[in-house]
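Please work out how this folds:
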Amino acid sequence: MRSINYHIAVSLDGFISHQDGSVDGLLMEGEHAEEFAQSLEEYDAVLMGRKTYEFGFQFGLKPGQPAYPNLHHYIFSRSLDFESSEHVTMVNSDALEKISDIKQQEGKEIWLCGGGELAGLLLDNGLIDKLTLKINPVIFGAGRKLFGACKKAVDLEYQSCKTYSNGVQLSAYNVLKK
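Numbers count the residues shown, from 1 in each chain. Below is the predicted model:
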């Protein structure tokens, strides 16, 4: 069975963006960003909620286009409306059922790119296997939470931590299943 890794940048106080969806203050350049780009080779599929996918629109991404080359995209939304393609699958039905099916398919690890609401749903239902957090040296004070409205207690197994010269920490954990 394939694993899902929620691999995401986060503020020190647990927010993946400001309330308006902007990520001002999260460090997007430097050694950690180069290593992140290389880490995409570990994945062959990416899961995104609507807000995460729409974030790319400000950079020229069009509905139905893949944001990352060489990854099959699964976009989860009940309001976006575009045709699925060879590289992008629009999912507007039961997300949990679809993700369970994807995990059963042959392939590499699955990247959960975001957002927090989708991550919270998956964590609540035991579908996230790993966390890779790029913890940025900034406090937002408010914004979109790392796990949305999830309130489930989850035990983690520490895997590794690396600190970069700009203060970003890359922390990796396995999610322990009860």
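
What lies in contact with stretch 117-130?
3-8, 47-49, 51-52, 76, 95-96, 99-100, 103, 109, 112, 145-150, 152, 154, 159, 172-175, 177 (Cβ atoms under 8 Å, 6 or more residues apart in numbering). (Each C-beta comes from the backbone N, C-alpha and C, glycine too.)

What ranges does the chain have for its helices?
Secondary structure of the chain (DSSP state H): helices located at 31-39, 50-55, 95-104, 116-124.

so what does the second one touch, helix or strand wise?
Think helix 50-55. If you count contacts as 3 or more Cβ pairs under 8 Å, 6 or more residues apart in numbering; DSSP states H and E, helix 50-55 packs onto strand 72-76, strand 109-114.

tell me the pLDDT at E97?
E97 is assigned 97 on the pLDDT scale.

So the most centrally placed residue in the chain versus H87, what's the distance?
Geometric centre of the chain, nearest residue: C113, 2.0 Å, by Cα atoms, centre = their mean. Using Cβ to Cβ, to the nearest Å, C113 is found at 15 Å from H87.

quick check: angle from the helix or strand of the chain at the bottom of the mean pLDDT ranking to strand 109-114?
Scoring the helices and strands of the chain by mean pLDDT, DSSP states H and E places helix 31-39 at the bottom, with a mean of 91. Calculated by axes from the mean of the first three to the mean of the last three Cα atoms, to 10 degrees, helix 31-39 forms an angle of 130 degrees with strand 109-114.

next one: helix 31-39 to chain centre, how far?
Remark: helix 31-39 is offset 15 Å from the chain centroid, using Cα atoms, centre = their mean, to the nearest Å.

Please tell me how far N166 sits from N136.
For N166 relative to N136 (Cβ to Cβ), the value is 9 Å.

Spit out the residues that contact these two alike.
Common neighbours of N166 and N136 (Cβ under 8 Å, 6+ apart) are L27.

between the two, who's got more neighbours?
Comparing N166 with N136 by other Cβ atoms under 10 Å, the one with more neighbours is N136, at 22 against 13.

which ones are touching that one?
By Cβ under 8 Å, 6+ apart, the neighbours of N136 are A9, V10, S11, L12, G25, L26, L27, G167, V168.

Report the contact partners of the closest residue to the first one other than its chain neighbours.
Same thing as A9. Leaving out its chain neighbours, the residue that sits closest to A9 by Cβ to Cβ, 6 or more residues apart in numbering is K134, at 4.3 Å. Contact analysis of K134 by Cβ under 8 Å, 6+ apart lists H7, I8, A9, V10, H32, F36, V168, Q169, L170.
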